[in-house]
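In: 3D, please:
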Amino acid sequence: MDDFNVPAGAPSKTNRESFQSPNISDEANAAEIEEGRLPAILGYIPFLFFVPLFGAKNNAFALRHGQQAFALFLIEIIALLFLIDAVSKFFWTVIFVACLGLALIACAHAAQGKFWKIPYLSDAAKKKFDTFGDRQG
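Out: Okay, the predicted model is just below:
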């Protein structure tokens, strides 16, 4: 046995095995996996995520892949929206204006001798810089 309590001759996990769900056998048996394989595959084709969600809703294997395919589909739609120049420019303009507004508010507080925590950003920055400072020491 080595440092990780694995016998020396034991096969190591491949990348494919490490990404598979450890409890898929608890949710679906071999017959269910075979039955849900085609709907699961079709679900990953853009706009066909509904095939495993509605066509095989009693199959845990297909349903799980359908849920994941739906999440990927939403990300694809958002990415497509950013390919439209007007949408992308609008989004980044809103972000820029929001940053300028937050900077003005923080500047006004600093001029008054007060500290204003920018929501979400202040805690994330503190955490990042505290971690960075620990590595310097």
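In: Per-residue confidence at Glu35, what does it come out as?
Out: Looking at Glu35, its pLDDT reads 89.
In: Report the contact partners of Phe50.
Out: Counting by CB atoms under 8 Å, 6 or more residues apart in numbering, Phe50 touches 43, 66. For glycine as for every other residue, the C-beta is placed from the backbone atoms N, C-alpha and C.
In: Can you tell me how far it is from Trp116?
Out: With distances taken as CB to CB, to the nearest Å, Phe50 is found 46 Å from Trp116.
In: Need the three-state assignment for Leu48.
Out: coil (DSSP: H, G, I helix; E, B strand; the rest coil).
In: Phi first, then psi, for it.
Out: phi -110, psi 20 (degrees, to the nearest 10).
In: So, low pLDDT: which residues of the chain?
Out: 1-28, 132-137 (pLDDT under 70).
In: 80 instead, please
Out: Counting by pLDDT under 80, the chain contains low-confidence ranges at 1-28, 128, 130-137.
In: Give the residue farthest from the middle of it.
Out: In the chain, the residue that sits farthest from the middle, by CA atoms, centre = their mean, is Gln112; the gap is 40.3 Å.
In: what's around Arg37, how many residues?
Out: Residues near Arg37, counting by other CB atoms under 10 Å, number 15.
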